[in-house]
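Undergrad: sequence plus predicted model, see below.
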Amino acid sequence: MAALSSQITSIVDGGDDGWGVLYKAREMEAQGKDVIVLAIGDHDFPTAKPIVNACTSALNAGRHGYGSITGIAPLRELIATRASAVHGIDVNPDEVIISMGGQAALFAACYSTMDAGAEAIIIEPYYATYAQTIRAVGGKAVIVETSADDNFQPEIEALRAAITPQTRAIIANSPNNPSGVTYTRETLEGIATLCREHDLWLISDEVYHSQTYETDHISPASLPGMRERTFIVDSMSKSHAMTGWRAGWLICPTPEAAFRVADLFLTSAYGIAPFIQLAMRAALAAGKEPEHEIAQRYRLRRDIAVKALSASAKLRVVRPDAAMYVLIDIRGLTDDCAGFAEALLEATNVAVMPGSSFGVSTAGHLRVSLTAPNDVLKDACGRIAHFADEWNQP
Ligand SMILES: Cc1ncc(COP(=O)(O)O)c(C=O)c1O
């Protein structure tokens, strides 16, 4: 039989990347067990009714044909207009490309900046698909570690040391999944300086920009000399509880870059369904209040989770200032976070993600997704704290 390309067989490099706990939890659910799944960044509440209604109205109105490849004009205009408030930059609608979620925007940014053999620097802890996406475009991910002691802010000198003649891009994700940390202005300025000095692209993943609780969001694209070298990855998955809609976009550095990126969409998705785009437009046209309401929900849950987890003196809770996750440092108990997560699931029916899934910097940690109603989350975090207190290394 003809062989599949090494291009496709090398995207995922084996191992379960910590997903084993989630799969086990789903299995237990299928067996009728009452499991609290806090292992994935998916909301426990549905998309708001007006957004759903905008989609069904478009479907009922017969919007079943092709949408434009790069997105319908009114949606791109709306995204361009709101970019100054969200990212602090001027955006031309021609620079916006609607994509299947932030993931497709990330793929497009990597594809646009890296030839085969090129390197991109990713910063730990990182969103699980980064290295795979870089491999999918034929590139190599160069990983830079951070430390819990520095609150997972990258050291600029460590990033500088990772740059080689093959480096084409740095991927930055602030607010960060899984740490819930936002990079300081100083960190972002350091990254921007490296990009300017070494003529690198910056791929800025800002999908959690609406969920900042302590500080205002800073987009690195707004820093001097960065607009024209930054691709912004954005999405409504987290901000508007629309994960399944695959509603995202890429803001390109220039109209010329966007003109080329459009070729990728011509040869792949060929545009996003118009009824999805009309729902996206309705959601964004409603202004900031709906996303603010979702952010406030997660802020309250963050406080509930931090309090309940802090009841155990054995756990160190990394209090997040953004996003929808809480990291717990369990190194005082064990280095084997995957083993601990499995034992936790077995004993308490609570599923969380081992920190090792996001790089070695978060080994010895667990990521708790805040994706359950307040009382359920409080109960689950109480079980985690109790389990930690009782834990005896096998
Ligand atoms: C940091 C980060 N970037 C990108 C994505 C992908 O988002 P989407 O669902 O819009 O593809 C996620 C999803 O969890 C994420 O956490």
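TA: Perfect, I can see it now. Everything numeric here is computed off the predicted structure, so don't read it as measured data.

Undergrad: how about the residues of the protein by the ligand?
TA: Taking Cβ under 6 Å from any ligand atom as the test, the list of the chain residues beside the ligand reads 41, 101-103, 127, 173, 177, 205, 207, 235, 237, 243, 248. Just so you know, the C-beta spots here come from the backbone N, C-alpha and C atoms, and that holds for glycine as well.

Undergrad: which one of those residues has the most neighbours?
TA: With neighbours taken as other Cβ atoms under 10 Å, the top of those is S235, carrying 28 neighbours.

Undergrad: that residue against Y208, yeah?
TA: No: between S235 and Y208 there is no contact, the gap being 9.5 Å when judged by Cβ atoms under 8 Å.

Undergrad: what's the burial count for E256?
TA: The number of residues packed around E256, counting by other Cβ under 10 Å, is 11.

Undergrad: any idea how far it lies from the ligand?
TA: 25 Å (Cβ to the nearest ligand atom, to the nearest Å).

Undergrad: next one: F259
TA: As defined by Cβ to the nearest ligand atom, F259 lies at a distance of 23 Å from the ligand.

Undergrad: now I36
TA: The gap separating I36 from the ligand is 19 Å, by Cβ to the nearest ligand atom.

Undergrad: quick one, what contacts the nearest residue to S174 once chain neighbours are set aside?
TA: On the basis of Cβ to Cβ, 6 or more residues apart in numbering, the spatially nearest residue to S174 that is not a chain neighbour turns out to be Y183, at 3.9 Å. With contacts defined as Cβ atoms under 8 Å, 6 or more residues apart in numbering, Y183 is in contact with 153-154, 172, 174, 176, 191, 218.

Undergrad: and those residues, which two are the farthest apart?
TA: Using Cβ to Cβ, the pair of those lying farthest apart is P154 and I218, separated by 14.8 Å.

Undergrad: inside strands: which ones of the contacts of Y183?
TA: Here DSSP state E is the test, and the contacts of Y183 give A172 as lying in strands.

Undergrad: list just the nearest of the contacts of Y183 to the ligand.
TA: N176 (7.3 Å; Cβ to the nearest ligand atom).

Undergrad: wait, the closest one sits on A323?
TA: Yes: in this structure N176 lies within contact range of A323 using Cβ under 8 Å: 6.9 Å.

Undergrad: more neighbours: which of the two?
TA: When neighbours are counted by other Cβ under 10 Å, A323 comes out ahead of the other of N176 and A323, with 30 against 27.

Undergrad: name the residues contacting each of N176 and A323.
TA: Y208.

Undergrad: give the contact list for the nearest residue to S310 once chain neighbours are set aside.
TA: Nearest in space to S310, with sequence neighbours left out and distances taken as Cβ to Cβ, 6+ apart, is V317 at 5.4 Å. Neighbouring residues of V317 by Cβ under 8 Å, 6+ apart: 306, 309-310, 326-329.

Undergrad: among those residues, name the buried ones.
TA: Buried positions within the contacts of V317, assessed by neighbour count (16 or more other Cβ atoms under 10 Å), are 306, 309, 326-329.

Undergrad: turn those into a markdown table, columns for pLDDT and secondary structure.
TA: Supplementary listing: these in a markdown table, determined by pLDDT from 0 to 100; DSSP: H, G, I helix; E, B strand; the rest coil:
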| residue | pLDDT | secondary structure |
| --- | --- | --- |
| V306 | 98 | helix |
| L309 | 98 | helix |
| V326 | 98 | strand |
| L327 | 97 | strand |
| I328 | 97 | strand |
| D329 | 97 | strand |
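
Undergrad: ramachandran angles for the nearest residue to V181 once chain neighbours are set aside?
TA: Counting by Cβ to Cβ, 6+ apart, the nearest residue to V181 once its immediate chain neighbours are dropped is F152, at 4.8 Å. The phi/psi pair for F152 (degrees, to the nearest 10) reads phi 60, psi 20.

Undergrad: can I see the domain layout of the chain?
TA: For the chain, automatic domain parsing gives the domain ranges 6-46+290-390, 50-286.

Undergrad: so how far is the shortest one from its chain's centroid?
TA: It stands for domain 6-46+290-390. The gap between the average C-alpha position of domain 6-46+290-390 and the chain average comes to 15 Å, counting by Cα atoms, centre = their mean, to the nearest Å.

Undergrad: just the endpoints, please. Distance across that domain?
TA: Terminal residues of domain 6-46+290-390 are spaced 47 Å apart (Cα to Cα, to the nearest Å).

Undergrad: re the thing from before, tell me which entries of the residues of the chain next to the ligand lie within helices.
TA: When the residues of the chain next to the ligand are checked against helices using DSSP state H, the ones located there are 101-103.

Undergrad: nearest to T81 among those?
TA: When those are compared against T81 (criterion: Cβ to Cβ), the nearest one is G102, at 19.9 Å.

Undergrad: pretty sure the closest one sits against S239.
TA: No: when contacts are counted by Cβ under 8 Å, G102 is not listed as touching S239 (10.4 Å).

Undergrad: give me the common contacts of these two.
TA: V207.

Undergrad: if we can go back for a sec, of the buried ones among the contacts of V317, which is the nearest to R260?
TA: Distance from R260 was checked for each of the buried ones among the contacts of V317 by Cβ to Cβ. The minimum falls on L327, at 37.9 Å.

Undergrad: wait, the closest one sits on P320?
TA: Yes: contact status for L327 versus P320: in contact at 7.2 Å, counting by Cβ under 8 Å.

Undergrad: for this protein, which segments count as strands?
TA: Using DSSP E, the strands assigned to the chain run over residues 36-38, 96-100, 119-123, 140-144, 167-173, 201-205, 230-235, 247-251, 316-318, 325-329, 350-354, 365-369.

Undergrad: on that earlier part again, separation between the residue nearest to S174 and the ligand?
TA: To the ligand, Y183 is 13 Å away according to Cβ to the nearest ligand atom.

Undergrad: with R316 instead?
TA: With distances defined as Cβ to the nearest ligand atom, the gap from R316 to the ligand amounts to 23 Å.
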